[in-house]
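Undergrad: Here is my input; please provide its structure:
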Amino acid sequence: MSKASGVSGNHVSSAGRPERPWYKQIWVWFVIALPASSVVTGITLVTIAFKNADDLVMDDWYKEGRGTNRSMAAENLAADFGIGMTAVVEGGTTLFQFHAKRSMIWPDHMTLSLRHPTLAEQDREFQLDASGGGQYRIATILPAGRWHVRVASADVSWRLAAPAAISSDGTLEIGASH
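TA: Residues are numbered from 1 along each chain as shown. Here you go, the predicted structure:
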């Protein structure tokens, strides 16, 4: 056996230099890094998707869908009466002034629902208490941002519903203009 054949067990390249082991080759790690980064990215995206899932569809969507005609009738009645609402903040309390084209007997209580466009955990619901003359109040300031606003009478005979922006100072206006 000749000494040139590499008796020691190390591989020798054709240039006479010993070859490095596979784990010291840069191209091996480059080839391993591509699929490994894809796996890490995929796991990260799946984790983000599960933690931040959109809540765009209501759990009782079928029941809500069936009630669309009834809902539209209540909104159409509010439009026929020319009902509108303006909200302003006074000292930590939000005051609501309702107005209508026709003479109205305003209910003692109404429900105000604020639905966030994408995040169900931010949805809010308030009970409005009458102060007289179409005025109502709640002891909080409405959160600023884009909301789908619904205001309904206690018996839900009429309803205001519209997407609206609540300003940073808590003011809001929906329905028929004054």
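Undergrad: so what's residue 144 up against?
TA: The neighbourhood of residue 144, defined by C-beta atoms under 8 Å, 6 or more residues apart in numbering, consists of 166-168, 170. In this view, the C-beta of every residue, glycine as well, is placed from N, C-alpha and C.
Undergrad: What subset of those residues is buried?
TA: 166, 170 (16 or more other C-beta atoms under 10 Å).
Undergrad: Which of the contacts of residue 144 lies at the shortest distance from residue 140?
TA: The closest of those to residue 140 turns out to be residue 170 (C-beta to C-beta; 9.2 Å).
Undergrad: about what we covered before: same list, the contacts of residue 144, but as a markdown table with pLDDT and secondary structure please.
TA: Below are the contacts of residue 144 laid out as a markdown table (pLDDT from 0 to 100; DSSP: H, G, I helix; E, B strand; the rest coil):
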| residue | pLDDT | secondary structure |
| --- | --- | --- |
| 166 | 91 | strand |
| 167 | 90 | coil |
| 168 | 88 | coil |
| 170 | 84 | coil |
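Undergrad: Redo the contacts of residue 144 as JSON lines? Include distance to residue 34.
TA: Below are the contacts of residue 144 laid out as JSON lines (distance: C-beta to C-beta, whole Å):
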{"residue": "166", "distance to residue 34": "48"}
{"residue": "167", "distance to residue 34": "50"}
{"residue": "168", "distance to residue 34": "48"}
{"residue": "170", "distance to residue 34": "53"}
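Undergrad: measure the closest residue to residue 122 other than its chain neighbours to residue 157 for me?
TA: Nearest non-adjacent residue to residue 122, counting by C-beta to C-beta, 6 or more residues apart in numbering: residue 116, 4.0 Å away. Separation of residue 116 from residue 157 (C-beta to C-beta, to the nearest Å) stands at 27 Å.
Undergrad: pLDDT weak spots in this protein?
TA: 1-16, 54-71, 177-178 (pLDDT under 70).
Undergrad: In it, mark out all the helices, start to finish.
TA: 26-51, 61-66, 68-81 (DSSP state H).
Undergrad: which of those is buried the deepest?
TA: Burial of the helices of the chain is given as mean neighbour count (mean count of other C-beta atoms under 10 Å); helix 68-81 ranks first at a mean of 14.
Undergrad: Against residue 102, how distant is the closest residue to residue 127 other than its chain neighbours?
TA: The shortest distance from residue 127 to any non-neighbouring residue, by C-beta to C-beta, 6+ apart, is to residue 109 (5.8 Å). Using C-beta to C-beta, we find residue 109 at a distance of 21 Å from residue 102.
Undergrad: more neighbours, those two?
TA: Ranked by neighbour count (other C-beta atoms under 10 Å), residue 109 and residue 102 place residue 109 first, with 12 against 8.
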